[in-house]
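K.L.:
Dropping the sequence and predicted coords here.
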Amino acid sequence: MSDRIHKISFMTSATENDRSKFSLSQIGPGLLMAGAAIGVSHLVQSTRAGAMYGWGALIFVLLANLMKYPFYEYGHRYAAASGQNLIQAYRQQGRQIFVPFMIISAISAVGSFAVDAFVAAMLLQYLWLPQVSATVLAISVLIFCWGLIAVGRYRLFEQVTKWCVILLSIATVAAVTMAVSTVVSGFLSEPLSSGSIAPGVESTVLEVAYTTSSGRGSIFSLKALPFVIAFMGWMPGGLELSVWQSLWVQANGQDSGKAASMAEASFDFNFGYVLTVVLACLFLVLGTLTLPAQGMAAEPAAFAGQLVGMYTSYIGAWAEPVIGVCAIAAIFSTTFTVVDAFPRTLEAGIYELWPSARASTLPIRGAIALILITLATLLLNFFTAGFEPLINTITIIAFVFAPFYAWLNIRSIRTLPVESQPKPWLIRLATVGLMYLSGFSLLFIVLEFVLGLI
C-alpha cells in the first residue's frame with residue numbers, strides 16, 4: 001500500500017502542485033494533530049501552570065514547543081518525501097531499536113487512554129452526570145470512541161472535530177481578551193498602592209490582577225522540577241504524535257488518490273502547530289488570571305468547574321453550556337484520536353515485525369483497542385493516589401521517553417534524498433532540541449531516583 005502511495009506522489013505533476021491553492025478545507029492531518037494536542041496539555045496542564053506559577057511558566061510553554069518542533073515536522077516530511085510512515089523508517093533501523101519502540105508505544109497507549117478519557121469524564125460529570133462516577137464515564141468514553149471507529153464513522157467525526165477545535169479557539173481568544181481587558185481596566189481605575197489591594201473596591205478585578213504577580217511559587221525552583229517535566233511531557237503532546245502525523249499524511253494520500261506535495265504537507269502541519277502553540281499560551285493566561293494560586297482542585301468535577309469557570313467568569317454564565325460542549329469536544333477529539341492512533345500504530349508495528357499477519361482475517365486493530373481499553377480501565381481502578389498524580393506520572397513518562405523518539409526521527413530523516421532534507425537551521429534546532437530533552441530527562445532521573453532530592 002505504501003508503495004502505491006509513493007508512486008502516486010511522483011505521478012503528481014509540478015504544474016498541478018503550483019496551481020494548488022491553500023484553504024481551510026485542505027487542512028487535514030495538521031488540524032487533526034491540533035485536535036490531538038489540545039486536550040490534557042492545554043485544558044489541564046497549561047491552566048495549572050498559570051495558576052500555580054503565573055507568567056514565569058510561559059517560557060516553558062514556548063521552549064517545549066520550540067524544542068519539539070523539528071521532531072514533529074519530521075513526521076509529515078518523511079511521509080510526504082518517501083510515501084512511507086515513520087514506523088516503517090524505525091523498522092529499517094533494526095529490530096533492536098524497533099522492539100523498544102513498540103514497548104514504549106504500548107505503555108504510552110495505556111496511560112494516554114486512561115488520562116484523556118478521565119479528563120473527558122470529569123467534564124461530563126460536572127456538566128450533566130454528577131451521579132455517575134468518573135471512572136465509569138471514562139470507560140464509557142473509550143468504548144464509545146472505539147465504537148465510532150469500528151463502524152467507520154471517522155470521517156464524519158473528523159469534520160465535527162475540526163469545527164469544535166475552531167469554536168473552542170474562538171471562545172478562548174474571546175475569554176482571554178475579556179480577561180485582560182477587565183484586569184487592565186481595573187488597574188487604570190483603581191491603582192494598587194503599598195503592595196496591597198486598594199481598599200473599598202467592591203469588584204474582585206484588582207484581587208485577580210494582584211494574584212497574577214504575587215503569592216505564586218517560582219517555576220525555576222528545584223521543587224517545581226517534577227511539574228515542569230510533567231508539563232513539558234505533553235506540551236503540546238508526546239513525541240509519538242510525529243508518528244501519527246506520518247500515518248495521517250500517508251492515509252490522506254491513500255484516500256484522495258493523490259499524495260500531498262511537501263509544500264502542502266508543510267502548510268497543513270504548520271497551521272495546526274501554530275494553533276496549538278497559541279492556544280497553549282492563551283490557556284496559561286486564563287489560568288494565571290482566573291484560577292486560584294493553589295491550582296487544580298482536589299476533586300475532578302470541581303476542577304472541571306474551574307475550567308468552565310475560566311470562560312464564564314468573563315464571558316458570562318450564559319456561555320456555560322456552549323463552553324462546556326466545546327471543552328468536551330476538544331478533549332473528546334483528543335481521546336478519539338488517541339483511540340484511533342495508538343492501535344493504528346501498534347497494528348502497523350505488528351505488520352512490520354510479522355509481515356504474515358497482514359493475511360490474517362482477525363480484526364487486529366480492533367483487538368488492540370479493546371486490550372488497551374481493558375488495561376486503561378485497570379489503571380484507573382488501581383491508581384488510587386488521585387487524578388492529579390496520574391496525569392503527572394503519565395506525562396513525566398512521556399517526557400522521559402521523548403529523547404528516544406527524537407533520536408529515531410533524526411536517524412530516519414537522514415535517509416531521505418538530499419532535496420527532501422530539512423533546511424540547515426532546522427537540523428541545528430533538532431540537535432539543540434535533542435540535547436534539551438535529554439538534559440532535562442537525565443536531570444530529573446538523577447534528582448528523583450539517584451539522589452532522591454525531589
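P.N.:
Sure, I can see it. Since we're looking at a predicted model, the values are computed, not measured.
K.L.:
Next SSE downstream of the least confident helix or strand in the chain by mean pLDDT?
P.N.:
Here the helix or strand of the chain ranked lowest by mean pLDDT, DSSP states H and E is helix 14-19, holding a mean of 39. Next helix or strand after helix 14-19 toward the C-terminus (DSSP states H and E): helix 29-37.
K.L.:
Low-confidence ranges, the chain, go.
P.N.:
The model of the chain has pLDDT under 70 over residues 1-28, 152-158, 160-161, 186-215, 255-257, 292-298, 300, 314, 384-386, 453-454.
K.L.:
repeat that with 50
P.N.:
Where the chain drops to pLDDT under 50, the residues are 1-22, 192-211, 213.
K.L.:
I'd like the distance between the closest residue to Gly54 other than its chain neighbours and Leu222.
P.N.:
Ranked by CB to CB, 6 or more residues apart in numbering and with sequence neighbours excluded, the top spatial neighbour of Gly54 is Arg216, at 4.4 Å. Yep, even glycine has a C-beta here, placed from its N, CA and C like the rest. Arg216 sits 16 Å away from Leu222 when distances are taken as CB to CB, to the nearest Å.
K.L.:
neighbour count winner among these two?
P.N.:
Arg216 (19 against 11; other CB atoms under 10 Å).
K.L.:
Surely Tyr90 is in contact with Gln96?
P.N.:
No - taking contacts as CB atoms under 8 Å, Tyr90 lies outside contact range of Gln96: 11.2 Å.
K.L.:
if you count what's nearby, which of those two comes out ahead?
P.N.:
Set Tyr90 next to Gln96 and count neighbours by other CB under 10 Å: Tyr90 wins out with 22 against 7.
K.L.:
Doesn't the more buried one belong to a helix?
P.N.:
Yes - the assignment for Tyr90 is a helix, going by DSSP: H, G, I helix; E, B strand; the rest coil.
K.L.:
show me what contacts it?
P.N.:
If you count contacts by CB atoms under 8 Å, 6 or more residues apart in numbering, Tyr90 has them with 97-98, 101, 408, 412.
K.L.:
cool, Ser169 as well?
P.N.:
Per CB under 8 Å, 6+ apart, neighbours of Ser169: 275, 279.
K.L.:
could you check the distance from it over to Ala175?
P.N.:
Distance from Ser169 to Ala175, by CB to CB: 11 Å.
K.L.:
Next: Ala317.
P.N.:
Distance, Ala317 to Ala175, using CB to CB: 13 Å.
K.L.:
what does Ser82 give?
P.N.:
From Ser82 to Ala175 the distance is 42 Å (CB to CB).
K.L.:
Quick check: which element contains the nearest residue to Gly433 once chain neighbours are set aside?
P.N.:
Nearest non-adjacent residue to Gly433, counting by CB to CB, 6+ apart: Met67, 4.0 Å away. Using DSSP H and E, Met67 sits in helix 58-82.
K.L.:
Met235 and Ile87: what is the separation?
P.N.:
24 Å.
K.L.:
So between those two, which is more surrounded?
P.N.:
Between Met235 and Ile87, counting by other CB under 10 Å, Met235 is the more crowded of the two (29 against 25).
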